[in-house]
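K.L.:
The following comprises the amino acid sequence and a computationally predicted model.
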Amino acid sequence: MNRGDIHVFNPPKNGKHEIHGKRFAVVIQSDSLANRSVIIVAPTSQSAREASIRPDILVHQQSTKVLVEQMSAISIERLGKKIGRVEIDEQWAIDDAIQAVLGIN
């Protein structure tokens, strides 16, 4: 499992404004920390509104937004099959969004 990998993901519904239902997740945790039982991911959505902190990626030829503001640490067992990887320009956009969400310059 590596940074930028895209996996099938089915997060549980926990709250009114949290995402739920089958979707994909992008691994955003550093490769140097990937051999752990918990990994940091950002879920995706095809129906989320446009926002500067929601970069677009292509998944199965469909535009999808990475919901960086909803990144979370999950058990690796909750991730399903790997279905692809983000492109380098998509990774750069995700990195920019992470910096904006966390207030890192």
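P.N.:
Received the coordinates, thanks. Numbers count the residues shown, from 1 in each chain.
K.L.:
average pLDDT for stretch 46-60?
P.N.:
Average pLDDT, stretch 46-60: 93.
K.L.:
low-scoring pLDDT stretches of the chain, where are they?
P.N.:
11-21, 34 (pLDDT under 70).
K.L.:
What segments of it are helices?
P.N.:
Ranges of helices within the chain are 88-102, based on DSSP state H.
K.L.:
Report the spatially nearest residue to the residue nearest in space to the middle of it, omitting neighbours in sequence.
P.N.:
By Cα atoms, centre = their mean, the chain has its centre lying nearest to A42, at 2.4 Å. Nearest-residue entry for A42: M71, 4.3 Å, with adjacent residues in sequence omitted and distances by Cβ to Cβ, 6 or more residues apart in numbering. (C-beta placed from N, C-alpha, C; glycine too.)
K.L.:
Make sure the one you found is actually in contact with V27.
P.N.:
No - using Cβ atoms under 8 Å, M71 is not in contact with V27, being 10.3 Å away.
K.L.:
Need the overlap of contacts for these two.
P.N.:
Taking Cβ atoms under 8 Å, 6 or more residues apart in numbering as the criterion, M71 and V27 both touch I40, V41.
K.L.:
Could you check how many residues crowd around W92?
P.N.:
12 (other Cβ atoms under 10 Å).
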